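**Q** Dropping a prediction and its sequence here:
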Amino acid sequence: MACLRRKKHCVQGQQRVSFSNFDHPRQSNMYLILRFFCPFSILFFTPIASVQAFTGTYGINYGRIANNIPSPDEVVTLLRAEKIRNVRIYDADHSVLKAFSGTGLEIVVGLPNGQLQDMSSNPDHALNWVKENVQSFLPDTRIRGIAVGNEVLGGGDYSLWGVLLGAVKNIYNATVKLHLDQLVQISTANSFAVFSQSYPPSSGKFDDNVNQFMKPLLEFFQQIGSPFCVNAYPFLVYASDPEHIDINYALFEPTKGIYDPTYRLHYDNMLDAQIDAAYAALEDAGFDKMEVIITETGWASNGDQTEAGANATNARTYNYNLRRRLAKRKGTPHRPKNVVKAYIFALFNENEKPGHSSEKNYGLFKADGSISYDIGFHGLNAGHSSLLSLKNINTQGLSRSYAMVFFLSSLILLIFWS
Ligand SMILES: *[C@@H]1O[C@H](CO)[C@@H](O)[C@H](O)[C@H]1NC(C)=O
Ligand SMILES: *[C@@H]1O[C@H](CO)[C@@H](O)[C@H](O)[C@H]1NC(C)=O
């Protein structure tokens, strides 16, 4: 609590790192220019210059399941002021895509799970979807990716597992037809439920039931140069077994960490270990070259009684340390050359989100645009906002998919073994 009251002091007391997310060259643009002026360059560039949806290291998820958050135009103002360039949304809302036009913000749109079946069986619907929701906003709105489905494999709706790849292929083919395939990257976000093991990191493995769907999907992603996207929440792992997990390990705070005897590597934070577990699972499945991207990570600033660790102090610590971690542009112990890239969940607290109370309280910003806690951002109308406003913290709700928690709980008991 001391930290919460003296936020400015706490931030200044720690080492500052450059947080700029705007200084990476954008390969995709360069590629397009080359392709335009020199068609033969395609021959040389196609195998290496695969499209990059994520140009920085620090992105954010702009969820909108709320009736009280700022308008898309205000969101543009906020994101630009905070220098956050990379953004994901969970649909292809036209008011958002219009507001992002001409802003330089790079956005990944989502094809919702409810449309997967249709997109999988009807290539022409997929083509129309891409025309209406992607092509018509380019190039002014920098749509750089399409996330086809969210947490489908390993998730509760088994009927979607078998249609995901078909939808991915039809959406990809649509981008090829429209000559957008070198501009817009196709991916899907996975939860940790796709893994049967993730501790220690070297033992990372896909679940047997998931594998038959995952492997062909990864083969296709490998062909088109797409990364493996995963949502990783040290918070959920901690909340599932606070007795046995060192919260400092989950929060990037000083800790003895864990030792992976197979890799002979030491891990001082859980997120790095989760990423390397994903790399291990990919290697186990035969995809040694595929990059891992974190499409969601975050920490709730409030939650139900049962959700240990969901408070503003911990959320601030996690998000502050995560921001510093990403700004270092470093890889993980097992993949030191693959710079860690993550989209934070989430931009705002979302008051209409169903599920546990934590679901409504992941925002770096409150619904009025002010900061939820100080990690170096300023918020909309900075100066007017009260740092200690508790306005948007409420406590209703029922059910985020906690599947990953069960998969991870097996590893948890071992976390201090070393
Ligand atoms: C995608 O397009 C390629 C080449 O045009 C074609 O061979 C393939 O069958 C198409 N795939 C789907 C799923 O429509
Ligand atoms: C937040 O949770 C931690 C345990 O995870 C606890 O030590 C701390 O006192 C809590 N802070 C507040 C403000 O409740």
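**A** Done, it's in. Ligands and ions are numbered 1, 2, ... in the order given.

**Q** any weak-confidence spans in the chain?
**A** Across the chain, the ranges flagged by pLDDT under 70 are 1-50, 383-418.

**Q** mind running it again at 90?
**A** 1-53, 55, 381-418 (pLDDT under 90).

**Q** and it, which of its residues are near ligand 1?
**A** P123, K169, N170, N173 (Cβ under 6 Å from any ligand atom). Every residue, glycine included, has its C-beta placed from N, CA and C.

**Q** Who wins on neighbours among those?
**A** Using other Cβ atoms under 10 Å as the neighbour criterion, N170 leads the residues of the chain next to ligand 1 with 22 neighbours.

**Q** Tabulate the residues of the chain next to ligand 1 (CSV), appending secondary structure and distance to D272.
**A** Output for these, formatted as CSV (DSSP: H, G, I helix; E, B strand; the rest coil; distance: Cβ to Cβ, whole Å):
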residue, secondary structure, distance to D272
P123, helix, 40
K169, helix, 33
N170, helix, 36
N173, helix, 36
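
**Q** Closest one to G63 out of these, please.
**A** G63 lies nearest to N170 out of the residues of the chain next to ligand 1, by Cβ to Cβ, at 25.9 Å.

**Q** so the closest one makes contact with P123?
**A** Yes: under the contact definition of Cβ atoms under 8 Å, N170 touches P123, with a separation of 4.7 Å.

**Q** how much space between T262 and E291?
**A** Noted for T262: a distance of 22 Å to E291, by Cβ to Cβ, to the nearest Å.

**Q** Quick check on these two: which one has the bigger neighbour count.
**A** Taking neighbours as other Cβ under 10 Å, T262 and E291 compare with E291 leading, 18 against 10.

**Q** ok, and the closest non-adjacent residue to the more buried one?
**A** P227 (4.2 Å; Cβ to Cβ, 6 or more residues apart in numbering).

**Q** For that neighbour, give me its contacts.
**A** Q185, S187, F221, M290, E291, V292, I293 (Cβ atoms under 8 Å, 6 or more residues apart in numbering).

**Q** ok, now S187?
**A** A53, V108, G145, I146, A147, V148, F221, S226, P227, C229, I293, T295.

**Q** Now do the SS call for it.
**A** strand (DSSP: H, G, I helix; E, B strand; the rest coil).

**Q** how near is it to G149?
**A** In terms of Cβ to Cβ, S187 sits 10 Å off from G149.

**Q** Run through the strands of this protein in chain order.
**A** With DSSP state E as the criterion, the chain has strands at 58-61, 86-88, 106-111, 142-150, 185-190, 195-197, 205-206, 228-231, 258-260, 265-267, 292-297, 342-344.

**Q** Tell me which of the ones you listed lies nearest to R329.
**A** Closest among the strands of the chain, once you apply Cβ to Cβ, is strand 58-61, at 9.9 Å.

**Q** Show me which residues of the stretch 201-350 of the chain are close to ligand 2?
**A** So the stretch 201-350 of the chain meets ligand 2 at I247, G309, N311, T313, N314 (Cβ under 6 Å from any ligand atom).

**Q** Of those, which is the most crowded?
**A** G309 (23 neighbours).

**Q** phi, psi of that residue?
**A** The phi/psi pair for G309 (degrees, to the nearest 10) reads phi 90, psi -10.
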